[in-house]
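[1] give the three-dimensional model of this entry:
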Amino acid sequence: MQMTADQFRIIQISDPHLGRRRPFFQHNWEVLVELLNAETYDLIVCTGDMSIEGAEFEDELVFAAQQFERIRGPVLFTPGNHDIGNSLPDVRGGETAITAARCDAFVRYFGPDFWSRDIGSHWRLVGLNSMLPGSGLDGEAQQQAMIEEVVASAAGRRLMVFKHKPLYVRQPDETAMTQSALYPEHRARLKDTLSSAGNALICSGHIHDYKTASWEGLDQIWAPSTAFVIDRDGLLHPLHGIRRTGYLVHTLAGDKHSHEFVEPDRFLNIDVGNWMRAPETFHARYHAEPLRGLTLADGQQS
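    Just a heads-up that it's a prediction; the model follows:
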């Protein structure tokens, strides 16, 4: 699709979970690289979990970054919990949590973990690090200052915010702290900060479902994963949205936004729902499992 001068096309991919040590989801990535290199777009944004074990092994961040170099055109990134560790406090137990060193490693390979870009006079893109709120790291205050500045200086531009975690899981008045979404106080603070910017658009990943929602002027779009699904048959909680692998195409035309959920025919819908019901938070620390698979040339297993 050829863009006209007043249109801007963004492809949002999320949660590819790339890994050299555990290349479980490489098939879908190979298909995606082919598709994106044949596509017409202005920008790709990946909303986190580029890696499957980057928070534990820096060389896994290197591998994921190298995989993205195979895609032509500009790509912007926001970190996921698998890249830099999960939010503090650790409410599930056994999590790899965010640290300054892990954030620094992310920046080395993927660029700033929070950022803003203007698209003409109608839109301002904002990328956020979902794990910074509550971390106590220097980046937390720096990110908050950036959010306040981009809102104050928007000059009528509509904000399109990209981040890994959604605002909430089911309802905006949720009070339980969960690693599936922003903690309640951080959700409220972001909403209050964005409220003066008008009708902001929040684009997230993390849940691996496609879904749309709205909350007092904040329109929300959950992007699916390109790698795998966490199916309802393997979980105790109900389905949140459309649980299929794919990606989103956002079109900005003047001050208007539209989007499309794309489900490639050759994508595999791998279900890892059993991981989420395994004991002792296996889903959060399966990197500790023995490597199983083919032996690589360097003697390591994958």
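
[2] contact partners of the lengthiest helix in the chain?
    The longest helix of the chain (DSSP state H) is helix 138-152. With contacts defined as CB atoms under 8 Å, 6 or more residues apart in numbering, helix 138-152 is touched by 100, 103, 113-114, 116, 124, 126, 128-129, 132-134, 159, 189-190, 193-194, 196-197. In this view, the C-beta of every residue, glycine as well, is placed from N, C-alpha and C.

[3] just the C-alpha atoms of it, please, in PDB.
    The C-alpha coordinates for helix 138-152 follow below in PDB (Å, rounded to 0.1, in the frame of the first residue of the first chain):
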ATOM      1  CA  ASP A 138      17.300   7.400  38.100                       C
ATOM      2  CA  GLY A 139      15.500   6.600  34.900                       C
ATOM      3  CA  GLU A 140      12.100   6.600  36.700                       C
ATOM      4  CA  ALA A 141      12.300  10.400  37.400                       C
ATOM      5  CA  GLN A 142      13.800  11.100  34.000                       C
ATOM      6  CA  GLN A 143      11.000   9.200  32.200                       C
ATOM      7  CA  GLN A 144       8.300  11.000  34.300                       C
ATOM      8  CA  ALA A 145       9.900  14.400  33.400                       C
ATOM      9  CA  MET A 146       9.900  13.400  29.700                       C
ATOM     10  CA  ILE A 147       6.200  12.500  29.900                       C
ATOM     11  CA  GLU A 148       5.300  15.800  31.500                       C
ATOM     12  CA  GLU A 149       7.400  17.700  28.900                       C
ATOM     13  CA  VAL A 150       6.000  16.000  25.900                       C
ATOM     14  CA  VAL A 151       2.500  16.600  27.100                       C
ATOM     15  CA  ALA A 152       3.200  20.300  27.900                       C
END
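
[4] please name the nearest non-neighbouring residue to Leu61.
    Nearest residue to Leu61, sequence neighbours excluded (CB to CB, 6 or more residues apart in numbering): Gly54, at 4.1 Å.
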